[in-house]
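Enquirer: let's see this in three dimensions:
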Amino acid sequence: MTGLLANLKTSEEERAAHDTHRPGVVATVLAIFGLYIYLFTDIALYWHLITPEALARTLHLYLAHTFGGDGNVDSYLNIDRGPIYSSDDERLILFSILIAAFLSAYYLPIRFKPIALVIWSALALGVLYGLVACAVLLAAHTLVYMTLHRPKNEAFALLPGAILWVALGAGSHWQPGPTMMWAMMPVLSFVLYRGVMLPLLANLVWAPRVQTLVVQSAIVTVAIGTLYNGVIADESWKFPLGLLLFFFQWERLFMYHIDFKDGKVPDDVTWGRYLAVFFSPGAIPNWIDRVCIGQGYAYLNNQFLCRDKNEIVKGGIKLLLLALMYLVLGEWFRHALVEGFEALGVSVHNGSTQGLIDDYMRGETISPLSIWLTTLLNLAKWFVFFAAVGHFKVGLWRICGYDVAPSFDKPWLATNLVSFWGRFTYHYREFLVRAFYYPVFFKYFRKHRKTRIVVATMASAGLGNLVWGHVVEITYYRGMEWEAIRYVLGHWPYYFLLGLGISLTELYLLKFKRRRKPWSRDVWLVTDVLAAYATVQFFALIHIFNRVAGGSTLWDQTQLFLLAFGIRF
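Expert: Numbering: from 1, shown residues only. So this is what the prediction gives:
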């Protein structure tokens, strides 16, 4: 697990030179959003146009497993738990606001661009997820800002309470009684901040502890909530949507805190600049997926207009088109592979590792070839999903002027597991590296190079990936229950094997230095093909331990895993 992408700081003068306008680039972005609107929303129905499915049939381009019952293209892009509109209408609203956000980020003066994105993102969150959810998310981030960056004007402490008052009032449909009662929230917020938080933050010992506690509130809440469910009462905590939105930004908040402790966040950073890290167009759709994209303050600040704006936007256009390709063709291609293997007489269990385990537990005869192909096809499904969502989110960052690196970069070209992990989930890998790998690597086993590499890698790709990377998210998504914790921890062999595989790969690369560039057109090209296949196949196979199905136990999963190599018990 090697270092971070080197980022050079960009001066304001350089940003100003990069902020040029090209009407053709703008027209291309608008045309792409127009295509998204046509394919994934009900605009054809509203404007009495031919539907995408009907058009595809007319042009003899119909693809199975691509269209929904409404004649539009089925889409991975969604507003998860959006309580107000249908999925197609949610996407119509989303794309419309994204157009406005893009135009603002493109044409406004530089100092107004980030704030404009905050405003448009807040509007999208309020419309799609509801005013209450948006207000709770805003209040939570305001509290974090006040904890890390003490406002010069203490009256700022009224703001979190005022925002919560709006949330509570909207939640009660502005009934006079509750609304008047909660009107004291701003005063209460001020008193608590002035009387409790400020004295703690002024104390050199307690200040970092309080700041860490606030930043780590997601995992602290998981620990307390599951303990309450498992020991005190047989009931699970329920959280408002806005708080879930905040908790799912926890990994990026973690990275922001690392930047803060490393002195990479200005002491006088404004509330608006802080919010610009988290209130962004890329955080609106699929808020539970690829949550690390954008990382923290330093990364985004360095990538903002770091080169010619139009070149950055062109990169975003490319990613939006790639996302469109995966969204339209992905499921058709995957099902074509499944049906092709089934036609050849090879059972691939509908391309599902979970289906494979279910059939194994039912006593069906499973061949090693079936295991290998099924796990590969299951991974192909996730490749399509993460490519579509990841490219779309990064594409949004880029058309808004941030030269964010791709989250998903052709992992099937990786010839070793270290390269694969970075290509498969770059921003999440950076979270694990900064939060776990570096602290362990630079602190422990300094005189034992190989040991420190293995321990640091296992701490990040293994333990950190399991507990901090997945326990928090899955627990919030499945429910604040002890059973949810047991469910996630039951997948430990997957994380152990992943960490072990990356560790051994690092040791191999340390001993045997690379002498040629992978995929060079020479006699060794065949070894690249074999290495890439072995890497992807290993990652696919270990997902047997990441799917609890059919009442299977760890021993059942181990037997199935070994069966892939012809080992039977």
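
Enquirer: could you list the low-confidence segments of the stretch 351-500 of the chain?
Expert: 479 (pLDDT under 70).

Enquirer: contacts only, for N153.
Expert: Under the criterion of C-beta atoms under 8 Å, 6 or more residues apart in numbering, the contact list for N153 is empty. C-beta here means a position set from N, CA and C on the backbone, and glycine is covered the same way.

Enquirer: how far away is it from M146?
Expert: If you measure N153 against M146 using C-beta to C-beta, to the nearest Å, the figure is 11 Å.

Enquirer: repeat that for F40.
Expert: To M146, F40 is 39 Å away according to C-beta to C-beta.

Enquirer: in the stretch 101-250 of the chain, which spans are strands?
Expert: When assigned using DSSP state E, counting those that start in this stretch, the stretch 101-250 of the chain turns out to have no strands.

Enquirer: for it, what spans make up the helices?
Expert: Per DSSP state H, counting those that start in this stretch, the stretch 101-250 of the chain carries helices over the ranges 113-129, 131-148, 158-171, 176-181, 185-192, 198-202, 206-215, 217-227, 241-247, 250-261.

Enquirer: can I assume L329 is in contact with L63?
Expert: Yes: at 7.1 Å, L329 and L63 qualify as touching, with contact defined as C-beta atoms under 8 Å.

Enquirer: pLDDT score for A64?
Expert: At A64, the predicted lDDT confidence score is 89.

Enquirer: over to it. Which of the three states is it?
Expert: In the three-state summary, A64 is assigned as coil, counting by DSSP: H, G, I helix; E, B strand; the rest coil.

Enquirer: same check on V526?
Expert: Using three-state DSSP, the structure places V526 in helix.

Enquirer: just to revisit the earlier point, using a markdown table, lay out the helices of the stretch 101-250 of the chain together with mean neighbour count and distance to P285.
Expert: Converted to a markdown table, the helices of the stretch 101-250 of the chain look like this (neighbours: other C-beta atoms under 10 Å; distance: least, C-beta to C-beta, whole Å):
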| stretch | mean neighbour count | distance to P285 |
| --- | --- | --- |
| helix 113-129 | 21 | 9 |
| helix 131-148 | 23 | 14 |
| helix 158-171 | 21 | 22 |
| helix 176-181 | 12 | 32 |
| helix 185-192 | 17 | 31 |
| helix 198-202 | 14 | 36 |
| helix 206-215 | 15 | 25 |
| helix 217-227 | 18 | 21 |
| helix 241-247 | 22 | 12 |
| helix 250-261 | 21 | 16 |
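
Enquirer: where among those is average confidence lowest?
Expert: helix 176-181 (a mean of 64).

Enquirer: flag the shaky bits of the stretch 1-150 of the chain, pLDDT-wise.
Expert: Screening the stretch 1-150 of the chain residue by residue with the criterion pLDDT under 70, one finds the ranges 1-7, 83.

Enquirer: rerun at 90
Expert: Counting by pLDDT under 90, the stretch 1-150 of the chain has low-confidence residues at 1-12, 64-65, 68-70, 74-87, 130-132, 150.

Enquirer: how about L369: what's its closest non-neighbour residue?
Expert: V346 (6.3 Å; C-beta to C-beta, 6 or more residues apart in numbering).

Enquirer: show me what contacts that neighbour?
Expert: The neighbours of V346, taking C-beta under 8 Å, 6+ apart as the test, are 369-370, 373.

Enquirer: check the secondary structure at it for me.
Expert: The three-state label given to V346 by three-state DSSP is coil.

Enquirer: how close does it sit to Y106?
Expert: With distances taken as C-beta to C-beta, V346 is found 51 Å from Y106.

Enquirer: do the same with P199
Expert: Distance from P199 to Y106, counting by C-beta to C-beta: 46 Å.

Enquirer: can you list the residues that contact stretch 105-124?
Expert: For stretch 105-124, the external contacting residues (C-beta under 8 Å, 6+ apart) are 12, 15-16, 19, 21, 26, 93-94, 97-98, 100-101, 104, 134, 138, 272-273, 275-276, 279-281, 283-284, 304-305, 309, 313, 399-401.

Enquirer: and with 7 Å instead?
Expert: Here stretch 105-124 makes contact (C-beta atoms under 7 Å, 6 or more residues apart in numbering) with 15-16, 19, 21, 26, 94, 97, 100-101, 104, 134, 138, 272-273, 275-276, 279-281, 283-284, 400-401.

Enquirer: just the buried ones from those residues?
Expert: In terms of neighbour count (16 or more other C-beta atoms under 10 Å), the buried residues within those are 15, 19, 26, 94, 97, 101, 104, 134, 138, 273, 275-276, 279-281, 283-284, 400-401.

Enquirer: wait, a helix at L498?
Expert: Yes: secondary structure assignment places L498 in a helix (three-state DSSP).

Enquirer: so what's it closest to, chain neighbours aside?
Expert: Spatial nearest neighbour of L498, chain neighbours left out: A461 (5.6 Å); criterion: C-beta to C-beta, 6+ apart.

Enquirer: number of residues surrounding the one you found?
Expert: Using other C-beta atoms under 10 Å, A461 has 28 other residues around it.

Enquirer: would you agree R398 is in contact with V313?
Expert: Yes: using C-beta atoms under 7 Å, R398 is in contact with V313, at 6.4 Å.

Enquirer: now do the helices in the stretch 251-400 of the chain.
Expert: Going by DSSP H, counting those that start in this stretch, the stretch 251-400 of the chain shows helices at 271-278, 297-303, 309-343, 353-361, 368-399.

Enquirer: the first one packs against which elements?
Expert: So the one you mean is helix 271-278. With contacts defined as 3 or more C-beta pairs under 7 Å, 6 or more residues apart in numbering; DSSP states H and E, the packing partners of helix 271-278 are helix 113-129, helix 131-148.

Enquirer: can you check the last one too?
Expert: For helix 368-399, the helices and strands in contact under the criterion 3+ C-beta pairs under 7 Å, 6+ apart are helix 309-343, helix 353-361, helix 525-541, helix 554-563.

Enquirer: state the mean pLDDT of the third one.
Expert: Read it as helix 525-541. Averaging pLDDT along helix 525-541 yields 96.

Enquirer: between that helix and helix 353-361, how many degrees?
Expert: In terms of direction (axes from the mean of the first three to the mean of the last three C-alpha atoms, to 10 degrees), helix 525-541 departs from helix 353-361 by 70 degrees.

Enquirer: name the residues of helix 525-541 that are buried.
Expert: Of the residues in helix 525-541, 528, 531-532, 535-541 count as buried by neighbour count, 16+ other C-beta under 10 Å.

Enquirer: which residues sit against that helix?
Expert: 372, 375-376, 378-379, 412-417, 420, 501, 518-519, 561, 564.

Enquirer: just the buried members of the residues you listed?
Expert: For those, a burial check counting by 16+ other C-beta under 10 Å picks out 372, 375-376, 378-379, 414-417, 420, 501, 518, 561, 564.

Enquirer: contacting residues for the nearest residue to A140 once chain neighbours are set aside?
Expert: For A140, ignoring the flanking residues on the chain, the nearest one in space by C-beta to C-beta, 6+ apart is F246 at 4.2 Å. By C-beta under 7 Å, 6+ apart, the residues touching F246 are 137, 140-141.

Enquirer: relative to V136, how far out is F247?
Expert: The span separating F247 from V136 equals 11 Å under the rule C-beta to C-beta.

Enquirer: ah, wrong one, I meant F420
Expert: 38 Å.

Enquirer: cool, S552 as well?
Expert: With the distance defined as C-beta to C-beta, S552 ends up 39 Å from V136.

Enquirer: could you do S86 as well?
Expert: 24 Å.

Enquirer: what is the host helix or strand of L507 packed up against?
Expert: Secondary-structure assignment from DSSP states H and E places L507 in helix 492-511. Helices and strands touching helix 492-511, as assessed by 3+ C-beta pairs under 7 Å, 6+ apart, comprise helix 417-424, helix 449-457, helix 465-466.
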